[in-house]
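Asker: How does the following fold in three dimensions:
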Amino acid sequence: MIAPRITPPRADFGYVIARTHWNQGYATESALALDQKGIHRLWAVCDIDNSASVRVLEKVGLSRGGVLRRWMYHAGSDLPRDCYSYAKIKGDTPI
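Answerer: Numbers count the residues shown, from 1 in each chain. Now for the predicted structure:
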């Protein structure tokens, strides 16, 4: 599942990818597809223990902004998990 949410001037995206489809570029491609005129802030969050998602977000040029404490529930978790917040801000040039 890849979920882009576009609300100019911003867009965010999330993804859940089955293990059999990891390392095939789907998450990276979804982030790059949001390079659209009128989008000035692209952002996403990922679990602090998800090093693969950290690599994807940094690969497409997003910068870590901080930790969102108790931000999101994950399967098998009784409490919301901490997540990193990532964003990329652009001026008049494409992301």
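Asker: Tell me which other helices or strands the lowest-mean-pLDDT helix or strand in the chain touches.
Answerer: Sorting the helices and strands of the chain by mean pLDDT, DSSP states H and E puts helix 26-32 at the bottom, at a mean of 86. Judged by 3 or more C-beta pairs under 8 Å, 6 or more residues apart in numbering; DSSP states H and E, helix 26-32 is in contact with strand 2-7, strand 10-15, helix 51-59. (Each C-beta comes from the backbone N, C-alpha and C, glycine too.)
Asker: Check what pLDDT the residue nearest the centre of the chain gets.
Answerer: Taking C-alpha atoms, centre = their mean, the centroid of the chain lies closest to Ala44, which sits 3.1 Å from it. If you check Ala44, the pLDDT there is 95.
Asker: Across the sheet, point out what pairs with it.
Answerer: Beta-bridge partners of Ala44, counted by DSSP bridges, are Tyr86.
Asker: residues touching it, list them.
Answerer: 12-14, 31, 57, 62, 86-87 (C-beta atoms under 8 Å, 6 or more residues apart in numbering).
Asker: what's the answer for Asp82, then?
Answerer: Contacts of Asp82 by C-beta under 8 Å, 6+ apart are 47-48, 67-71.
Asker: now these in CSV, with distance to Gly38, neighbour count and pLDDT?
Answerer: Formatted as CSV, the contacts of Asp82 follow (distance: C-beta to C-beta, whole Å; neighbours: other C-beta atoms under 10 Å; pLDDT from 0 to 100):
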residue, distance to Gly38, neighbour count, pLDDT
Asp47, 30, 16, 94
Ile48, 31, 16, 96
Val67, 30, 12, 98
Leu68, 26, 15, 97
Arg69, 32, 10, 97
Arg70, 33, 10, 96
Trp71, 27, 16, 95
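Asker: Can you flag which of those residues belong to strands?
Answerer: 47, 67-71 (DSSP state E).
Asker: As JSON lines, the helices and strands packed on helix 26-32 with mean neighbour count, mean pLDDT and distance to Asp35 would be great.
Answerer: Formatted as JSON lines, these follow (neighbours: other C-beta atoms under 10 Å; pLDDT from 0 to 100; distance: least, C-beta to C-beta, whole Å):
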{"stretch": "strand 2-7", "mean neighbour count": "12", "mean pLDDT": "89", "distance to Asp35": "11"}
{"stretch": "strand 10-15", "mean neighbour count": "18", "mean pLDDT": "90", "distance to Asp35": "10"}
{"stretch": "helix 51-59", "mean neighbour count": "16", "mean pLDDT": "93", "distance to Asp35": "14"}
